[in-house]
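S.K.: Sharing a sequence plus its predicted fold:
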Amino acid sequence: MSPEERLRVVPLLKPELATFNMGSINFSIHPVAERYRDNEWKFSWEKEFAEGTKDFIFRNTFGVMEKYCETMYANQTVPECEFYDVGHLYNMNFLLRKGLLRKPIWMQFVTGVLGAIGSDPENVMF
């Protein structure tokens, strides 16, 4: 789903809080496809979907993030900032300094996704 498709629900539904990803990553679950035999999948589309994530980029450019800020605040929606990697903290700081993102910040750290920061104790403490 494109960033624009993800954002279109904000003006449509005007939620109180909505996900705001703080940057792009290679988001992959393709190794899951190797864990199951063909007859073990619950739905016919699952294996192909998992394998297809090998070439997936979860796109959230600075232009996209600016548009998210504008759209969310115009619709009285609070951004819930999602961090998949350390660099995303710097992206949030940049948006704050530019006045595009406002305090207080709602934060969620997503760990353990292939292509982002790990969920082991060393990475979580870092």
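M.R.: Received the coordinates, thanks.
S.K.: hey, what's the residue nearest in space to the middle of the chain bridged with?
M.R.: The residue lying closest to the centre of the chain (Cα atoms, centre = their mean) is N21, at 4.1 Å. Beta bridges link N21 to E82, judged by DSSP bridges.
S.K.: That one against T61, yeah?
M.R.: No: using Cβ atoms under 8 Å, N21 is not in contact with T61, being 10.6 Å away. C-beta coordinates here come from the backbone N, C-alpha and C atoms, glycine included.
S.K.: and the residue nearest to V110 when sequence neighbours are not counted, how many neighbours?
M.R.: Distances taken as Cβ to Cβ, 6 or more residues apart in numbering place Y84 nearest to V110, at 5.1 Å, with adjacent residues excluded. A total of 24 residues lie near Y84 under the criterion other Cβ atoms under 10 Å.
S.K.: What pLDDT is listed against Y84?
M.R.: Turning to Y84, the model gives it a pLDDT of 96.
S.K.: Relative to Q108, how far out is it?
M.R.: 10 Å (Cβ to Cβ, to the nearest Å).
S.K.: for R37, same thing?
M.R.: 34 Å.
S.K.: Of those two, which one has the most company?
M.R.: Q108 (13 against 7).
S.K.: So for the helix or strand hosting that one, what gets flagged as buried?
M.R.: Assigned by DSSP states H and E, Q108 falls within strand 106-109. For strand 106-109, a neighbour-count test (16 or more other Cβ atoms under 10 Å) marks F109 as buried.
S.K.: Which strands border that strand, and is each parallel or antiparallel?
M.R.: Counting by DSSP bridges, strand 106-109 is paired with strand 78-83 (parallel).
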